[in-house]
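In: Just a sequence and a predicted model for now, questions to come.
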Amino acid sequence: MELGAVVVVPATEDLRLSHEAQTQAVAASENARPFYFPRMPILGNDVLRSWMKCIRKLGLQSLWLNSSRRDKNVDGSALAEFARQGVERLLVIQLKAYAEMDLADLLRFHCESRNPVTEAEDARGQLGVCLRDHLALQPKGEKDAFAGAPPQSGQAPYQFRGYAKRILSARERQELVGDGLTGACAMRPQGTEIRDQVWVGEGANVADSVRVIGPTYIGARTIVRPGATIGPFASVEHDCVVGCGTTVERSTVLPYSYLAPGLLIRHQLVDGGYLEDLSWGTIADLQPAGLGSRIQRRESRRQAVRETGVVSRAGGASTRDFVPSSSASQPWLRVQL
Amino acid sequence: MNTIPWVILPFPCGSSFADRRGLRKDLLIALRVSGSPVIVDLSSCGTLAHEDIDLLLECVAQAAGREAKVLFVAGSRVNRVLLEVTRISSLVPVFNSVREALAYPQIAAENEVEVLRASQFQKPGSA
């Protein structure tokens, strides 16, 4: 049976927009919290790559990448193209969770249960991974949503009991960081373990007087200035600058963030000039107070794009000659595995 | 019942540069001359700029080594987070509201009594 794979990447909605929303008196509920671009590295790892590895194990040579806005699913008509092009079964992954899932087992379950749709879920709900057979690829209407659709009655979901974390939430990202640093999950920090549970990425510049308390991760090309304290349970991703005497503890600093001297970052997530407190979910703008900002490094960004492994745009050379519907509003990218 | 006379000073925020300068001067003078505990209220500040952080640090410096207490009222979670990030909350007690701050001396007084009692109990044994 011809199997295809699609990974849907929710588009970014950065902290700046969320902060603006908050200042416009939006209720500070869990739903009002920002969500983070799922391709933001976690301990130097790209979650998309971990899913690509899982898909490769199924014997697939390529997958299709699509982006969608928050709370919006993939254009149904675009996905129906897969059915028209002869795909009999489609694996749809919404890049919203990191899960150590054996996709072969999901496939086996799907075949045995003989359902047209199988959604994977854990104790907290859907993980954004589903398998659809040919019939379930036919749209019922123009706005039919495929990914993340609730299973119809009588269709047993695939109960995943392994390790999973939702990466769109700052709190769960931090939990994943902690688990990765302590070996509680399979994700390993990308760098050299310079001492027990302390990883440093390539080209990182850590001053001699910096106190590094493990478990901790300092990403590639990050500069940590004298007198700073990093850790425990801290992850400072690549291309960041941590000012003199600043403490980063039980927190994540996302790439290209600058932190001014003398700050205390504890149980928080820093994304450029914005900060989310993980306990309260409060977003604070660090920029007016000169406490933090976004670092622009074009060369590093170009490098990051090169590392994604995207080989061609939809409509270009493709192994299956699949061309998504021209009416599709979102860009499609083919990724070689 | 709280009998201590508190001085509540609004934090100069969002004003023009000249107004801000005047208010800043008033705030620092009030802190210097006031014999009563002072509450600096940031409730009217939406967010804190770097001049605000500087002024808050000046307030902390004015209060250092003086009898009179200084308390900050963050007024919002965003301000509270910024006060924590800048470590100001580790120098001066920070509260969410004026009401919460006004309850503070009662707690402090109770604690003082407890400490006094504990030290009295320890005296015979330690002698």
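Out: Looks like it came in fine.

In: residues of stretch A:167-185 that come out buried?
Out: A:167-181, A:185 (16 or more other CB atoms under 10 Å in any protein chain shown). In this view, the C-beta of every residue, glycine as well, is placed from N, C-alpha and C.

In: And stretch A:195-213, end to end?
Out: End-to-end distance for stretch A:195-213: 10 Å, by CA to CA, to the nearest Å.

In: Show me the contact partners of that stretch.
Out: Residues outside stretch A:195-213 that contact it (CB atoms under 8 Å, 6 or more residues apart in numbering or on different chains): A:43-44, A:181-182, A:189-194, A:214-232, A:238.

In: and the gap between residue B:35 and chain A?
Out: As judged by CB to the nearest CB, to the nearest Å, residue B:35 and chain A stand 32 Å apart.

In: My error: substitute residue B:97 in the last question.
Out: 15 Å.

In: cool, and residue B:62?
Out: Distance from residue B:62 to chain A, by CB to the nearest CB: 20 Å.

In: Beyond the worst-scoring helix or strand of chain A on mean pLDDT, next helix or strand please.
Out: Within chain A, no helix or strand scores below strand A:310-313, which has a mean of 37 by mean pLDDT, DSSP states H and E. Next helix or strand after strand A:310-313 toward the C-terminus (DSSP states H and E): strand A:332-336.

In: low-confidence ranges in chain B?
Out: Across chain B, the ranges flagged by pLDDT under 70 are B:1-4, B:14-16, B:19-20, B:67-68, B:105-127.

In: go again using 80 as the cut-off
Out: B:1-6, B:13-28, B:30-36, B:62-68, B:104-127 (pLDDT under 80).

In: Up against chain A, what does it have?
Out: For chain B, the residues in contact with chain A (CB under 8 Å from any CB of the partner chain) are B:46-50, B:52-53, B:77-78, B:80-82, B:84-87, B:90.

In: Now, of those, which are buried?
Out: Taking 16+ other CB under 10 Å as the criterion, what is buried in the residues of chain B next to chain A is B:47, B:48, B:52, B:53, B:77, B:78, B:80, B:81, B:82, B:84, B:85, B:86.

In: and the first one, what helix or strand is that in?
Out: Residue B:47 is located outside every helix and strand, with elements delineated by DSSP H and E.

In: give the contact list for residue A:253.
Out: A:234, A:235, A:236, A:237, A:240, A:242, A:259, A:265, A:269, A:270.

In: Out of the residues you listed, which are close to chain B?
Out: Contacts with chain B within the contacts of residue A:253, as defined by CB under 8 Å from any CB: residue A:265.

In: So which of the contacts of residue A:253 belong to helices?
Out: Among those, no member is found in helices (DSSP state H).

In: Grab the two from the contacts of residue A:253 that are most spread out in space.
Out: Using CB to CB, the contacts of residue A:253 span at most 14.5 Å, a distance reached by A:242 and A:269.

In: Compare those two and say which is more crowded by neighbours.
Out: residue A:242 (30 against 27; other CB atoms under 10 Å in any protein chain shown).

In: So the more buried one sits against residue A:227, correct?
Out: No - look at residue A:242 against residue A:227 with CB atoms under 8 Å: they stay out of range, at 10.2 Å.

In: Could you grab the helix/strand/coil label for residue A:129?
Out: Following DSSP: H, G, I helix; E, B strand; the rest coil, the label given to residue A:129 is strand.

In: For the closest residue to it other than its chain neighbours, list the residues it contacts.
Out: Closest residue in space to residue A:129, ignoring its immediate chain neighbours: residue A:120 at 4.1 Å, by CB to CB, 6 or more residues apart in numbering or on different chains. Applying CB under 8 Å, 6+ apart, we find residue A:120 in contact with A:99, A:101, A:106, A:126, A:127, A:129, A:130, A:157, A:158, A:160.

In: where's the last one relative to residue A:9, distance?
Out: In other words, residue A:160. 21 Å (CB to CB, to the nearest Å).

In: what about residue A:206, neighbour count?
Out: 20.

In: now swap in the one 4 residues further on and tell me
Out: Summarising burial for residue A:210: neighbours were counted as other CB under 10 Å, giving 19.

In: swap in residue B:29?
Out: By other CB under 10 Å, the residues close to residue B:29 number 11.

In: Name the SS class of it, please.
Out: helix.

In: residues in contact with it?
Out: By CB under 8 Å, 6+ apart, residue B:29 has no neighbours at all.

In: Quick one: classify the residue nearest the centre of chain B as helix, strand or coil.
Out: Against the mean C-alpha coordinate of chain B, by CA atoms, centre = their mean, the closest residue is residue B:71 at 1.3 Å. Secondary structure, three-state DSSP: residue B:71 is strand.

In: Quick check, it in contact with residue B:38.
Out: Yes - when contacts are counted by CB under 8 Å, residue B:71 is listed as touching residue B:38 (7.3 Å).

In: joint contacts of the two?
Out: Listed as contacting both residue B:71 and residue B:38 by CB under 8 Å, 6+ apart is no residue at all.

In: still on that earlier bit, my reading is that the residue nearest to residue A:129 is in a helix; is that accurate?
Out: No - counting by three-state DSSP, residue A:120 is not part of a helix but strand.

In: my guess is residue A:9 meets residue A:39, correct?
Out: Yes - with contacts counted by CB under 8 Å, residue A:9 reaches residue A:39, the gap being 6.5 Å.

In: what about these two, which has more around it?
Out: Ranked by neighbour count (other CB under 10 Å), residue A:9 and residue A:39 place residue A:9 first, with 20 against 17.

In: For that one, which residues are in contact?
Out: Contacts of residue A:9 were listed using CB under 8 Å, 6+ apart, and they are A:38, A:39, A:48, A:65, A:66, A:67, A:68, A:95.

In: Give the pairing partners of the helix or strand hosting it; include direction for each.
Out: Assigned by DSSP H and E, residue A:9 belongs to strand A:3-10. Its sheet considered, strand A:3-10 pairs with strand A:62-68 (parallel), strand A:89-94 (parallel) by DSSP bridges.
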